[in-house]
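Novice: here's a sequence, model it:
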Amino acid sequence: MQVPLQITVRDVPHSRALDARIRDKAAKLEEFHPRISSCHVTVEESSKHHHQGRQFAVRIDLRVPGREIAVTREHHEDVFVALRDAFDAAKRQLEDVVREKRGDVKVHDIPR
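Specialist: Below is the predicted model of the structure:
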């Protein structure tokens, strides 16, 4: 990554395990697209839902040449599951970007 990974944690106890998991998952994203210019991960406890227990939201903002990718995932009670789901979605979007760049995805002309 050209810009160091940025991690923001709001209303969630920050732990070494959480930080390590985020760094590990972000490093693995570079396997799918080596030219990631920046990555910002935000982890917070959502208070907008009125469920029993805790609701966690993870947002990942990635920049690659010519594209910005934003992913948001929420999960009830487990921040690590929300992290896994968010990074899986980001990985799929990066794979789509690579496929488009390689020409594996058919692009349709926009009718005029």
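Novice: contacts, neighbours, all on C-alpha from now
Specialist: Will do.
Novice: am I right that Val3 is in contact with Ser37?
Specialist: Yes - contact criterion C-alpha atoms under 8 Å: Val3 and Ser37 qualify, at 6.0 Å.
Novice: between those two, which is the more surrounded one?
Specialist: Regarding Val3 and Ser37, a neighbour count based on other C-alpha atoms under 10 Å identifies Ser37 as having more, with 15 against 10.
Novice: distance of the more buried one relative to His76?
Specialist: 31 Å (C-alpha to C-alpha, to the nearest Å).
Novice: point out where this protein drops to low pLDDT.
Specialist: 1-2, 47-52, 104-108 (pLDDT under 70).
Novice: show me the contacts for Glu44.
Specialist: For Glu44, the contact set (C-alpha atoms under 8 Å, 6 or more residues apart in numbering) comprises 9-12, 56-58.
Novice: now swap in Arg63 and tell me
Specialist: Per C-alpha under 8 Å, 6+ apart, neighbours of Arg63: 36-39, 69.
Novice: got a PyMOL select line for the buried ones in these?
Specialist: Those of the contacts of Arg63 that count as buried under 16 or more other C-alpha atoms under 10 Å are selected in PyMOL with:
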select buried, resi 36+38+39
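Novice: three-state assignment of Ala90?
Specialist: helix (DSSP: H, G, I helix; E, B strand; the rest coil).
Novice: got the phi and psi for Pro34?
Specialist: Dihedral pair for Pro34: phi -70, psi -10, per degrees, to the nearest 10.
Novice: that one and Pro4, how far apart?
Specialist: Using C-alpha to C-alpha, we find Pro34 at a distance of 14 Å from Pro4.
Novice: do Pro13 as well
Specialist: 22 Å.
Novice: spell out for me which residue occupies the centre of this protein.
Specialist: Centroid-nearest residue in the chain, with C-alpha atoms, centre = their mean: Ile60, separated by 3.3 Å.
Novice: what pairs with the helix or strand encompassing that one, parallel or antiparallel?
Specialist: Using DSSP states H and E, Ile60 falls within strand 55-64. Using DSSP bridges, the strands paired with strand 55-64 are strand 38-46 (antiparallel), strand 67-76 (antiparallel).
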